[in-house]
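Undergrad: Generate a structure from the sequence data that follows.
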Amino acid sequence: MLTRDHWIAAGFDALDSDGYSGISAEQLARRLNVTRGSFHHHFRGREDFVRALLAQWELDYTDRMLAYAAQGCSLEDVLARYFVISAEKRSGREIAIRAWARRDPLVAEYQNRVDSTRLSFAISVCRSRIEASVNADLIGRLAHLCLIGGQQSGDRNQTAVFAHLVREALTLLRNSSSPNRT
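TA: Modelled structure (predicted):
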């Protein structure tokens with residue numbers, strides 16, 4: 001039996017392969033080989049579906065990602081986890097959502113909230129582990145921008161290489177900045 005979760009999974013598949021232009025009840029129904037009536041049985045309309053899709057993305061690509069990263073012990077470990085888990089996610093999905101957010105205020109609302117949550121996490125982690133708060137804010141912002149830039153450039157598709165580069169950069173920053181708090 002087809003559920004909301006099937007529709008959301010089909011939405012992610014469409015986003016991954018076709019971008020946001022693949023998000024319509026008709027196209028998703030074709031993808032699932034069902035009628036559009038099934039869509040309307042599970043969702044009040046397109047906006048309801050988009051909200052459900054983006055809420056699931058936010059949970060998977062922010063809440064779960066940051067919970068995993070927070071398990072790290074050192075600053076390097078936390079931020080490396082931040083990048084590694086994001087590198088394991090589907091980069092095309094984030095790229096498609098960012099493109100979609102430029103055209104749709106509802107999607108922009110979700111994108112802004114995700115970015116704000118991720119940035120706050122990165123800055124907070126750095127503030128708790130770096131002596132100088134100015135440096136901490138800067139390093140947190142740089143980590144957040146590296147995450148976005150890695151997605152856009154495709155560098156993060158080579159998870160091991162990207163994680164190694166992140167660790168090297170963090171080690172250089174650690175060696176050149178104030179000692180960590182204990």
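Undergrad: wait, residue 15 sits on residue 99?
TA: No - under the criterion of CB atoms under 8 Å, residue 15 makes no contact with residue 99, lying 10.1 Å away. Backbone N, C-alpha and C define where each C-beta goes, glycine included.
Undergrad: who's more crowded, these two?
TA: residue 15 (23 against 14; other CB atoms under 10 Å).
Undergrad: how far away is that one from residue 128?
TA: 35 Å (CB to CB, to the nearest Å).
Undergrad: do the same with residue 49
TA: Counting by CB to CB, the gap from residue 49 to residue 128 is 39 Å.
Undergrad: With residue 1 instead?
TA: In terms of CB to CB, residue 1 sits 47 Å off from residue 128.
Undergrad: Now do the contacts for the residue nearest the centre of the chain.
TA: In the chain, the C-alpha nearest the mean C-alpha coordinate belongs to residue 61, at 4.0 Å (CA atoms, centre = their mean). The contact partners of residue 61, by CB atoms under 8 Å, 6 or more residues apart in numbering, come to 86, 89, 93-94, 114.
Undergrad: and if you look at residue 102?
TA: Taking CB under 8 Å, 6+ apart, we find residue 102 in contact with residue 108.
Undergrad: Tell me the pLDDT of it.
TA: Note for residue 102: predicted pLDDT of 96.
Undergrad: So which of residue 1 and residue 128 has more stuff around it?
TA: Counted by other CB under 10 Å, residue 1 and residue 128 do not tie: residue 128 has more neighbours, with 12 against 3.
Undergrad: I appreciate the help and will end here.
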